[in-house]
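In: Mind looking at a prediction? Sequence and model below.
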Amino acid sequence: MCAARAFAVRLSLVFALLPGAGCAVGRLADASFDVVRIPTDTAATDDTGGAPDTVAPMDTPPPTDTVMMCPTAQRLCSGTCVNTQTDSQNCGACGTMCAAGQVCMLGTCSVMCAAGETRCGSGGTATCAMTMTDMNNCGACGRMCTAGQMCSMGVCQSTCGAGLTTCSTGGVPGCANLMTDSRNCGACGTACAVGQSCVMGMCRVTCAAGQTLCTGVCVNTATDTANCGACGVACTAGQTCTAGMCRTTCVAPTTLCGAVCVNTSIDAANCGTCGNACAAGTACTAGMCAAAGIRYVESTIARAWPNACTMVGMTRFVTGPVDDTTGTAALPFSFRFYGTAYSSVWASSNGAVGFGAASAVYSNVCLPATTFPNSILAFWDDLYVTTGMYVCGAVSGAAPNRQYTVTWQGVYPLGDTGNMNFSVILYETTGLIDLVYGTMTTGVAARATGTSATIGVQGATATQFTQHSCNTAGVTSSMARRFTPM
């Protein structure tokens, strides 16, 4: 046998056997393999029993480490395995880099086209074309339109089709729909601004999903009170837009029944719940229909004295100087008193507000006072309205939470002197009644405290009343009392 020396090396080889004298001679080309160095024969003999093989010494000892092998279709470039068919840093061969804007395709650097464009040509001479409008690549790469033609929708044609107009974009003629083309909106060359689109030949703001364009502004018609459900549909004061519908906003303890806010604990038409009407002769008490024996519970509250005589739109029931006089006015809302709804109210100079027939009775008695039914007694006494003073009524607030105030300004007991100011406030929907006192002074100090007056509420029968005080000192300046229907 022929002795051999082996060493580790990684080469591309094709091994071919050639005839030789007792040895195999190899030719190297295009095959990857690893060769492992094998120690040289020393004293051993060959298999024929002859002398040991001898090999000429090498100038440089071969490396003893194993060099990395790359997978099929990759090459080793600068110590890294790469695919020279797609690597833009080693395109076709190690170290061949593609220029900016190019990509490596099949081992050749080629231009990279944007979305909507087509690559025409190959290699470094490739170009990107809009085949829908490119005169030199109309519909396909290399398809050129003849003189006088234009490329529209990938077809060479002499004129534009129905609904289209010939417009030049960047010096290149093409067909445009002037109704929808944002680059040629309404006329060739009229471009819409960023954020706009072309609608019926006019540039319009493009609204986000869930919004509608109303007079140039994007709005949510499901919640916009000025455009509720559709452009231009405005909700009225006190309403909100919910799910595209205008709805009245109710304040506790009221509830929206239909389009009106009501207190279902006292509303006979909506007792306990919307639509539950109480039968004739009954009233709604604490949300339940019961015999009309409603009562009022008194409590102390804190609020400033309101003067109806200074409010906008006030009405004068009584104008001084006068004694034992009444006046009547329409209420701006229906007010329920002891289970009955009233649309008008009267006020007397003697400190009382009432419903139904007016009365100027001046001689007070303790409650019940059957001669003075359906009345609210703020300071029932024989009072006098002097010159320049009044008994006034006025509404404030917004439906369904309005208040109607009746004020006695600068009155005092007949035969005395002083400056007494007090008011009755009627609340829409809730049926509450407030008695609020301002400055209370008289010549005989005790009289300003109610030592000769009756204060409370009186219904139609002897069992319907709630009395605060009668001929006792039950009033002070800045006092406020509330009567709540139960």
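Out: Yes, it's here. Numbering: from 1, shown residues only.
In: Going by residue numbers, what spans are strands in the stretch 351-486 of the chain?
Out: Under the criterion DSSP state E, counting those that start in this stretch, strands of the stretch 351-486 of the chain are mapped to 352-354, 375-380, 383-385, 390-396, 403-413, 418-427, 433-442, 454-458, 465-470, 480-485.
In: The fourth one pairs with which strands?
Out: Each strand pairing with strand 390-396, determined using DSSP bridges, is listed with its direction: strand 315-319 (antiparallel), strand 403-413 (antiparallel).
In: that older thread, quick one: which of the strands of the stretch 351-486 of the chain is nearest Thr133?
Out: Among those, strand 390-396 comes nearest to Thr133, with 69.7 Å by Cβ to Cβ. Every residue, glycine included, has its C-beta placed from N, CA and C.
In: Can you name the residues in contact with the closest one?
Out: Strand 390-396 has contacts (Cβ atoms under 8 Å, 6 or more residues apart in numbering) with 306-309, 311-320, 327, 329, 332, 345, 347-349, 385, 402-409, 411.
In: same deal with stretch 157-166?
Out: Contacts of stretch 157-166 (Cβ under 8 Å, 6+ apart): 148-150, 152, 173-179, 184, 188.
In: Check stretch 352-361 too.
Out: With Cβ under 8 Å, 6+ apart as the criterion, stretch 352-361 contacts 324-326, 328, 335, 337, 340, 342, 344-350, 371-378, 380, 406, 424.
In: from these, which would you call buried?
Out: 324-326, 335, 337, 340, 342, 345-350, 372-378, 380, 406, 424 (16 or more other Cβ atoms under 10 Å).
In: Would you mind finding the most buried of the strands paired with strand 390-396?
Out: strand 403-413 (a mean of 24; mean count of other Cβ atoms under 10 Å).
In: what angle separates that one from strand 375-380?
Out: 40 degrees (axes from the mean of the first three to the mean of the last three Cα atoms, to 10 degrees).
In: roughly how far is strand 403-413 from the heart of the chain?
Out: Centroid separation between strand 403-413 and its chain, computed with Cα atoms, centre = their mean, to the nearest Å, is 47 Å.
In: residues near the residue nearest to Ala114 when sequence neighbours are not counted, how many?
Out: Spatial nearest neighbour of Ala114, excluding adjacent residues (Cβ to Cβ, 6 or more residues apart in numbering): Cys128 at 6.8 Å. Cys128 has 18 neighbours, counted by other Cβ atoms under 10 Å.
In: you'd agree Cys128 is in a helix?
Out: No. Secondary structure of Cys128 (DSSP: H, G, I helix; E, B strand; the rest coil): strand, not part of a helix.
In: re earlier: which of the contacts of stretch 157-166 sits closest to Ile294?
Out: Set against Ile294, the nearest of these by Cβ to Cβ is Met179 (68.8 Å).
In: In this structure the closest one contacts Met200, no?
Out: Yes. Using Cβ atoms under 8 Å, Met179 makes contact with Met200 at a distance of 5.9 Å.
In: So for those two, which sits in the more crowded spot?
Out: Between Met179 and Met200, Met179 has the larger neighbour count (other Cβ under 10 Å), namely 16 against 10.
In: I'd like the distance between the more buried one and Thr449.
Out: Distance of Met179 to Thr449, given as Cβ to Cβ, to the nearest Å: 83 Å.
In: quick one on the thing from earlier: ok, what's across the strand from the residue nearest to Ala114?
Out: Arg119.
In: quick one, what contacts it?
Out: Neighbour list for Cys128: 111, 113-114, 117-120 [criterion: Cβ under 8 Å, 6+ apart].
In: one more time with 7 Å
Out: Neighbouring residues of Cys128 by Cβ atoms under 7 Å, 6 or more residues apart in numbering: 111, 113-114, 117, 119.
In: residues touching Arg469, list them.
Out: Actually, residue 469 is Ser. It isn't Arg. Contacts for Ser469 (Cβ under 7 Å, 6+ apart) come out as 450, 455.
In: Quick check: Gln458 vs Thr328, distance?
Out: According to Cβ to Cβ, Gln458 and Thr328 sit 18 Å apart.
In: Please apply the same query to Phe317.
Out: According to Cβ to Cβ, Phe317 and Thr328 sit 8 Å apart.
In: How is this structure partitioned into domains?
Out: Using automatic domain parsing, the domain parsing of the chain gives 239-292, 297-485.
In: tell me what the helix or strand that Ser343 is a member of is packed against?
Out: Take DSSP states H and E as the rule and Ser343 turns out to sit in strand 340-348. If you count contacts as 3 or more Cβ pairs under 7 Å, 6 or more residues apart in numbering; DSSP states H and E, strand 340-348 packs onto strand 326-337, strand 352-354.
In: cutoff 10 Å now
Out: Helices and strands touching strand 340-348, as assessed by 3 or more Cβ pairs under 10 Å, 6 or more residues apart in numbering; DSSP states H and E, comprise strand 315-319, strand 326-337, strand 352-354, strand 375-380, strand 390-396, strand 403-413, strand 418-427.
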